[in-house]
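1. coordinates for the following, if possible.
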Amino acid sequence: MCVSVIIEEKWKKAILFAIQHTPDGPGVYKMLDVAGVVMYVGKAKRLHPRLLSYTRIDSLSNRIRRMVVRIASVETIATYTETEALLLEANVIKKSQPQYNILLKDGKSPFYITIDSSDFPRLEKQRKPFRNTCKSFGPFLEYVDEMLSSLYQIFCIRSCSDSVFKSRSRPCLQYYIKRCSAPCVKKISRDEYTASVKSAIEFLSGKNEDIKKQLIKKMDEQSNNQNYEEAAKTRDKIKAVTALLKKQFIHAKSINNADVLAAQEELGVVCVVVVRFRSGANYGSEAFFFNAQDISENIRADQEFGNSEIIKHILHAFIVQFYDKISPPELILLSHVPHELPLIKNALEKRFSRQPVLHVPRKGEKKEIVQQALVNAGIALGKKISDSRRVADAIGEIKSFLKLDREIKRIEAFDNSHLFGTDALGAMIVGGPDGFYRKSYRKFSMTNFMGDDYCMMKTLLKRRLEDQTIKNLPDVIIIDGGKGHLNAAIEAVADTEAKNIRIISIAKGENRNAGNEVLYTDSGDEIRFKNSDPVLQYIQILRDEAHRFAITSHRNKRKKRMIKSILGEIRGVGETRKNALLKNFGSIDKIKDASIIELESVPGISRSMAKEIFEFFRQNR
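-> So this is what the prediction gives:
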């Protein structure tokens, strides 16, 4: 009882201290635990009453109460307006990824298709579309690679970098497979190439049917002139256009550029589907999932929110985070009116210097498009729930045969990768009831093992379990290997303070065929499952993901070493310049393709050094 009082005093003092040292106006507050980890970020029109509401612990839900009693300190940031507080809250959430907030876990930006402003423009995809480009189209959420491949086939525009373009003396492979017109060696005139680029821009601007009609007319003329070979090439382009138009299954007449945000909730899970329209054409969709319990409990903990609907609050948080760096279109169609809509509009206007129209359509084509997005959200939600149930059932079976008396929340799978003992690397992936936790994946560089897999596995696990930067320990560890690997893992766990972790190894069965695997446990059990058993399939998925991550990481490590070795052959390029070049360009291919001006822009690379690097790769092509 005494301990309970001490804990209560700590968190209450932290909140009251923050109130005393914070002006009673708009702002953002962060709740931190004893390790300084941000657990929750919130914003308020008035900070004092908002923070004070957390001291009334009896009115809080169990989950929020568990968070509140862990508070060691509260940090506040005052802002001039509530709009600024909303923007700051979104930035802090994205940076800190607090456990108790609604989190947008997309990680990567969508792609744009760009056409640059050079004399012979280049067609490519970029995540950041506004660098050295005269035209950009997107963002694309789906089939961007198919779109790009078809555009190369239809319009034969170059994809190579400027340095490669300038140094070519004969056509590359793209010309011979009819995906480039080879302007580098003047296989096409500048006027003809410019016309192709113009047609590509028109196509991407929504004039798809016009381009198709032009190609049909051109094919008829070539056929009438008995130029059958060229007519066949044009026919193939028409097929590519038709296939591409089928991908854009909806072509909206009443909207030009718009995003559609539709949300559905079922069994405690909320799905938000984003559908993008540009120039009236569908540019793909993407689904995002959230735990409805998180927001419902936060609503109850926050008196200003009252009893507003969960979906409205999730849309509120989603819109502000989703349009953090991605510029919104002029129109955003919504399935529901989000919480604090005027505040969201002001925040977007402040961030992008313009205010998009946020609209819930009531009739017409816009309403039909939103309804279709809601149908897609329902389909995605059904699949997500079904997958989650299968994972939950499989984890339940693992808990059963391991005879665990606690829930399994975190499973870690490990694998090693090396090439005859060189570039050795250990990989850890993390899974659980909510799928893969990719932000928790880790790589470990391993040395001096000379192909001893058992010793390598033991060292890998010891390093992981002793790593203080990884806060959560696993409930179960899965090893790719047989009894030898299992014993090495058992020894590693025994050498640490992590005594409650259970270990499973999955060994290849007869003829090393998938489906014939044998599971060995740290309690001495040997378990065989049927090929169709969901438990075996789930463990196989974890094992294969660990193997994929290990192999990919090992290849990247080996490639980086080889790149550094190649760069080391250039006179005057030491470790500092190697690292600077790799940091700036990311790969040896991009360094090879870079111009002297691009090389010179790298910190520590002078013009004479840039010429040296450029000439080295030009002579060694």
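
2. state the distance from the closest residue to residue 427 other than its chain neighbours to residue 444.
-> Once flanking residues are discounted, residue 427 sits nearest to residue 550: 3.6 Å by Cβ to Cβ, 6 or more residues apart in numbering. (Each C-beta comes from the backbone N, C-alpha and C, glycine too.) Going from residue 550 to residue 444 by Cβ to Cβ, to the nearest Å gives 10 Å.

3. identify the contacts common to these two.
-> 425-427 (Cβ atoms under 8 Å, 6 or more residues apart in numbering).

4. following whichever helix in the chain runs longest, which helix or strand shows up next?
-> Ordering each helix of the chain by length in residues (DSSP state H) puts helix 364-401 first. Sequence order places strand 411-419 as the next helix or strand after helix 364-401, per DSSP states H and E.

5. partners of that following strand in the sheet?
-> strand 422-432 (antiparallel), strand 476-480 (parallel) (DSSP bridges).

6. which of the ones you listed has the lowest average pLDDT?
-> Mean pLDDT per stretch puts strand 422-432 lowest among the strands paired with strand 411-419, at a mean of 83.

7. buried residues, that strand. List them.
-> Across strand 422-432, burial judged by 16 or more other Cβ atoms under 10 Å covers 423-432.

8. and this protein, what are its domains?
-> Using automatic domain parsing, the domain parsing of the chain gives 2-96, 114-247, 258-381, 411-558, 568-619.

9. for those domains, which one sits closest to residue 394?
-> Closest to residue 394 of the domains of the chain, according to Cβ to Cβ: domain 411-558, at 3.7 Å.

10. just how off-centre is that closest one within its chain?
-> Relative to its parent chain, domain 411-558 has a centroid offset of 24 Å by Cα atoms, centre = their mean, to the nearest Å.

11. helices and strands around the longest helix of the chain, which ones?
-> strand 258-266, strand 269-278, strand 281-291, strand 331-334, strand 435-436, helix 534-567 (3 or more Cβ pairs under 8 Å, 6 or more residues apart in numbering; DSSP states H and E).

12. pLDDT on that helix, on average?
-> For helix 364-401, mean pLDDT rounds to 87.

13. repeat that for stretch 43-58.
-> Looking at stretch 43-58 alone, the average pLDDT works out to 88.

14. what's the span of it from first residue to last?
-> 22 Å (Cα to Cα, to the nearest Å).

15. same check on stretch 526-538?
-> End-to-end distance for stretch 526-538: 17 Å, by Cα to Cα.

16. try stretch 414-426
-> Length of stretch 414-426, first residue to last, Cα to Cα: 7 Å.

17. between residue 550 and residue 444, which one's more packed in?
-> More crowded of residue 550 and residue 444, by other Cβ atoms under 10 Å: residue 550, with 23 against 19.

18. now do the contacts for that one.
-> 415-417, 425-427.

19. need the strands paired with strand 411-419 in CSV with distance to residue 542, can you?
-> Listed next are the strands paired with strand 411-419 as CSV, based on distance: least, Cβ to Cβ, whole Å:
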stretch, distance to residue 542
strand 422-432, 5
strand 476-480, 5
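
20. so which of the ones you listed comes closest to residue 118?
-> Among the strands paired with strand 411-419, strand 422-432 sits nearest to residue 118 (Cβ to Cβ), with 38.8 Å.

21. how big is the angle separating that closest one from helix 364-401?
-> Angle, strand 422-432 to helix 364-401, by axes from the mean of the first three to the mean of the last three Cα atoms, to 10 degrees: 100 degrees.

22. now do strand 422-432 against helix 534-567, angle only.
-> Interaxial angle of strand 422-432 relative to helix 534-567 (the same axes, to 10 degrees): 140 degrees.

23. I'd say residue 327 and residue 352 touch.
-> Yes: between residue 327 and residue 352 there is a contact under Cβ atoms under 8 Å: 5.7 Å.

24. any idea how far the closest residue to residue 351 other than its chain neighbours is from residue 33?
-> Spatial nearest neighbour of residue 351, excluding adjacent residues (Cβ to Cβ, 6+ apart): residue 87 at 6.2 Å. Distance from residue 87 to residue 33, counting by Cβ to Cβ: 25 Å.

25. neighbour count winner among the two?
-> Taking other Cβ under 10 Å, residue 87 and residue 33 do not tie; residue 87 has more neighbours (20 against 15).

26. for the more buried one, give me its contacts.
-> Contacts of residue 87 (Cβ under 8 Å, 6+ apart): 320, 347, 350-351.

27. can you read off the pLDDT for it?
-> At residue 87, the predicted lDDT confidence score is 85.

28. just the element for it, please.
-> Residue 87 belongs to helix 82-96 when elements are defined using DSSP H and E.

29. for residue 40, same thing?
-> Secondary structure (DSSP H and E) places residue 40 in strand 38-44.

30. strands paired with that strand, and their directions?
-> Here, using DSSP bridges, strand 38-44 pairs with strand 27-32 (antiparallel).

31. quick check: mean pLDDT of the strand it pairs with?
-> Averaging pLDDT along strand 27-32 yields 91.

32. could you check the angle that strand makes with helix 82-96?
-> Strand 27-32 and helix 82-96 meet at an angle of 30 degrees, taking the same axes, to 10 degrees as the criterion.

33. just checking, which helix or strand of this protein averages the lowest pLDDT?
-> One helix or strand of the chain scores below all others by mean pLDDT, DSSP states H and E: helix 292-301, with a mean of 55.

34. for whichever helix or strand comes after that helix, name the packing helices and strands.
-> With elements assigned by DSSP H and E, the helix or strand that comes after helix 292-301 is helix 310-322. Judged by 3+ Cβ pairs under 8 Å, 6+ apart, helix 310-322 is in contact with helix 82-96, strand 258-266, strand 269-278, strand 281-291, helix 292-301, helix 341-352.

35. ok, residue 444 touching residue 416?
-> No: the pair residue 444 / residue 416 is not scored as a contact, 9.3 Å apart, by Cβ under 8 Å.

36. identify the contacts common to those two.
-> Common neighbours of residue 444 and residue 416, counting by Cβ under 8 Å, 6+ apart, are 425-427, 460.

37. checking the nearest residue to residue 491 once chain neighbours are set aside next. Helix, strand or coil?
-> Nearest non-adjacent residue to residue 491, counting by Cβ to Cβ, 6+ apart: residue 458, 5.7 Å away. Here residue 458 is recorded as helix under DSSP: H, G, I helix; E, B strand; the rest coil.
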